[in-house]
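*Asks:* coordinates only, sequence not included:
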């Protein structure tokens, strides 16, 4: 009987070790390759920031956005752009951090989105914007909010970006 | 002595002429030309694929920007390269008022432009590359780049000018 119990225990240990060897990637949280974006300031007419809980990412989309002082670091290649107009903007984000200001002057909040969740949100307007701390990012900003609110000092860790682009003073270097 | 100087000058110019012509022939025949400064008033490119070089792709030279274009219309192209022979520094310049190039590959250390417009721009995994920047159409103006390697499948150059300047 004891031998039988010992055999069962040994079998369970063996099974656990086998699972650890066979399925290491999900256990280690195998992450997708990412690239980084910095922008000094941004202005837009309309922006959607929607968290995807299943993928643990946040999708940022906008018909048009203007960015200033942009640096994109993608696989050791650095793209520096002074003024950028982007259309049909789609970005798959793992991490987003930005200062949110009213009229670009009065500080409103420091927004941090990690995966699909809001780590640091907007205390007062959070409920309206859907950017409350400990919630899934779900903000749909349109006029008149977008004319009031500006996002400055933006840092993004992105998986994918697609858009139509017009930029000034472009430098691409390693 | 003056005659000797003239003969030496003609000889030197001939050598540099051959070097420049060989370089240009290399470009037109799809052979690599190495280490030169590239500038253009504008480039209208199609089928952009921009990525960082890896050890396997650039024969041990890590840290270069690879720019691939299926086709490109280049306005006011200028290629210049400085050479030093016998203590004399000479700049060889090749200019073309307009050029149509196909299957372009530029390996650059840097790439600068005053304006850039791209349609259907994408950043992320692309083909066999973990990361690449792709675009259907690329339009850049006032371009300057330090190119360490260039391959062109075919090129049509208009108003070609080749000259040498003593620096």
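*Replies:* The structure has been received and is ready for your questions. Bear in mind the structure is a predicted one, so any value in this text is a computation, not a measurement.
*Asks:* any idea how chain A splits into domains?
*Replies:* Following automatic domain parsing, one gets these domains for chain A: A:1-30, A:35-173.
*Asks:* out of these, nearest to chain B?
*Replies:* domain A:35-173 (3.7 Å; C-beta to the nearest C-beta). Where C-beta positions appear, they are placed from N, C-alpha and C, glycine not excepted.
*Asks:* and residue A:113, what does it touch?
*Replies:* With contact taken as C-beta atoms under 8 Å, 6 or more residues apart in numbering or on different chains, residue A:113 is in contact with A:49, A:51, A:58, A:93, A:95-97, A:119, A:131, A:137.
*Asks:* swap the cut-off to 10 Å and go again
*Replies:* A:49, A:51, A:57-58, A:60, A:93-98, A:119-121, A:131, A:136-137, A:139, A:156 (C-beta atoms under 10 Å, 6 or more residues apart in numbering or on different chains).
*Asks:* biggest strand in chain B by residues?
*Replies:* Ranked by residue count and defined by DSSP state E, the top strand of chain B is strand B:88-126.
*Asks:* right, and the helix or strand after it?
*Replies:* Later in the chain than strand B:88-126, the nearest helix or strand by DSSP states H and E is strand B:129-158.
*Asks:* residues of that following strand that come out buried?
*Replies:* Residues of strand B:129-158 classed as buried: B:129, B:131-135, B:138-141, B:143, B:145, B:147-152, B:155, B:157 (neighbour count, 16 or more other C-beta atoms under 10 Å in any protein chain shown).
*Asks:* equivalent analysis for stretch B:89-99, please.
*Replies:* Buried-residue list, stretch B:89-99, by 16+ other C-beta under 10 Å: B:90, B:92-96, B:98-99.
*Asks:* could you work out the most separated pair of these?
*Replies:* The most widely separated members of the buried residues of stretch B:89-99, counting by C-beta to C-beta, are B:90 and B:98 (26.4 Å).
*Asks:* what about the most centrally placed residue in chain B, which helix or strand?
*Replies:* What sits nearest the mean C-alpha location of chain B, by C-alpha atoms, centre = their mean, is residue B:38, with 4.8 Å. Following DSSP H and E, one finds residue B:38 within strand B:36-52.
*Asks:* tell me the buried residues in that strand?
*Replies:* Using 16+ other C-beta under 10 Å as the test for burial, strand B:36-52 gives B:36, B:38, B:40, B:42-45, B:47-52.
*Asks:* near chain A, from these?
*Replies:* Among these, proximity to chain A is found for B:50-52 (C-beta under 10 Å from any C-beta of the partner chain).
*Asks:* I'd like the buried residues of stretch B:89-99 written out as JSON lines, with pLDDT and distance to chain A added.
*Replies:* Formatted as JSON lines, these follow (pLDDT from 0 to 100; distance: C-beta to the nearest C-beta, whole Å):
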{"residue": "B:90", "pLDDT": "88", "distance to chain A": "28"}
{"residue": "B:92", "pLDDT": "89", "distance to chain A": "25"}
{"residue": "B:93", "pLDDT": "92", "distance to chain A": "24"}
{"residue": "B:94", "pLDDT": "90", "distance to chain A": "23"}
{"residue": "B:95", "pLDDT": "91", "distance to chain A": "23"}
{"residue": "B:96", "pLDDT": "92", "distance to chain A": "23"}
{"residue": "B:98", "pLDDT": "94", "distance to chain A": "22"}
{"residue": "B:99", "pLDDT": "93", "distance to chain A": "21"}
